[in-house]
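Asks: I would like the atomic coordinates for the input below:
(one chain, ligands or ions: 1)
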Amino acid sequence: MNATDLLDLCPVVPVVVLHDAADAVPVARALVAGGLPAIEVTLRTPAALDAIKRIAAEVEGAVVGAGTVVTPRQAAEAAGAGARFLVSPGCTDRLRAAMTDTGLPFLAGVATASEAMALLEHGVTAMKFFPAKAAGGPAYLKALAGPLPQVRFCPTGGITLDTAGDYLSLPNVGCVGGTWLTPDDAVRAGDWARIEDLARAAAALR
Ligand code: 3PG
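Replies: Numbering: from 1, shown residues only. Model prediction:
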């Protein structure tokens, strides 16, 4: 799988923040059952690497990745835990090199034409657009498609079920990401059925 395949896997990539690694497997099973196989577990909590390990080992059909990768070390650790893709909110030369070294597909974050062009110089054409809503939303992405038609994005940040379709209708958007599929209260309550319903509604977007 390369980064372009990742953009085409499903319309929505759930961005999952897990405080307890014991929730990882039931959350991932609910997302896969709802039709969303690509799951980004953010490295924002101490439980994240363990959560990635568990999903990789136990959830059939899941393609688990690591999000909020901001240091070269995190890229290596995520790969070691079994992540199958990496996502970062922004990009530096060191981080890009470290993500490339893992051999995994990655979506590095950009928010401007210059940042996208810096990645293009390294042959990278699939990127995260972050923070999507605050940076200008669908209108901004549409404007980037003119001068940079070779770039395809996964916009993330401030996207909901109601606004996802506006992004997905753009030719330079492969999929969108967001945390709305795994609300903290649903995870804490163990309401896996609600998460599956949210995933199903998102999977139907395309
Ligand atoms: C990300 O890391 O991609 C964002 O924090 C997504 O969060 P949101 O969907 O809650 O904006």
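Asks: you'd agree L144 is up against A116?
Replies: Yes: taking CB atoms under 8 Å as the definition, L144 is a contact partner of A116 at 6.9 Å. The C-beta positions use only the backbone N, C-alpha and C, and glycine is treated the same way.
Asks: who touches both of these two?
Replies: V151 (CB atoms under 8 Å, 6 or more residues apart in numbering).
Asks: can you pull out the helices in the protein?
Replies: 3-9, 24-33, 48-58, 72-81, 93-102, 113-120, 132-135, 137-145, 161-168, 184-189, 192-203 (DSSP state H).
Asks: sorry, back to before: give me the more crowded residue out of L144 and A116.
Replies: A116 (22 against 19; other CB atoms under 10 Å).
Asks: Just give the closest residue to the more buried one, not the sequence neighbours.
Replies: Spatially, and ignoring its direct neighbours in sequence, A116 is nearest to V110 (4.8 Å; CB to CB, 6 or more residues apart in numbering).
Asks: ok, now which ones touch A81?
Replies: A81 touches 49-50, 52-53, 56, 66, counting by CB under 8 Å, 6+ apart.
Asks: nearest to the ligand, of those?
Replies: A66 (11.3 Å; CB to the nearest ligand atom).
Asks: give me the subset of the contacts of A81 touching the ligand.
Replies: Among the contacts of A81, no residue is within reach of the ligand (CB under 6 Å from any ligand atom).
Asks: any chance of these in CSV, with neighbour count and pLDDT too?
Replies: Below are the contacts of A81 laid out as CSV (neighbours: other CB atoms under 10 Å; pLDDT from 0 to 100):
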residue, neighbour count, pLDDT
L49, 20, 98
D50, 17, 98
I52, 29, 98
K53, 18, 98
A56, 19, 98
A66, 29, 98
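Asks: Tabulate those (CSV), appending distance to A79.
Replies: Formatted as CSV, the contacts of A81 follow (distance: CB to CB, whole Å):
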residue, distance to A79
L49, 11
D50, 15
I52, 10
K53, 12
A56, 11
A66, 8
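Asks: biggest separation within those residues, which pair?
Replies: Greatest spacing in those, by CB to CB: D50 and A66 (12.0 Å).
Asks: Could you check how far L148 is from the ligand?
Replies: Distance, L148 to the ligand, by CB to the nearest ligand atom, to the nearest Å: 21 Å.
Asks: residue contacts, that residue?
Replies: Applying CB under 8 Å, 6+ apart, the residues near L148 are 113, 116-117, 120, 172.
Asks: Now rank those residues by neighbours and give me the top one.
Replies: A116 (22 neighbours).
Asks: so that one touches Q150, yeah?
Replies: No: contact criterion CB under 8 Å: A116 and Q150 do not qualify, at 9.6 Å.
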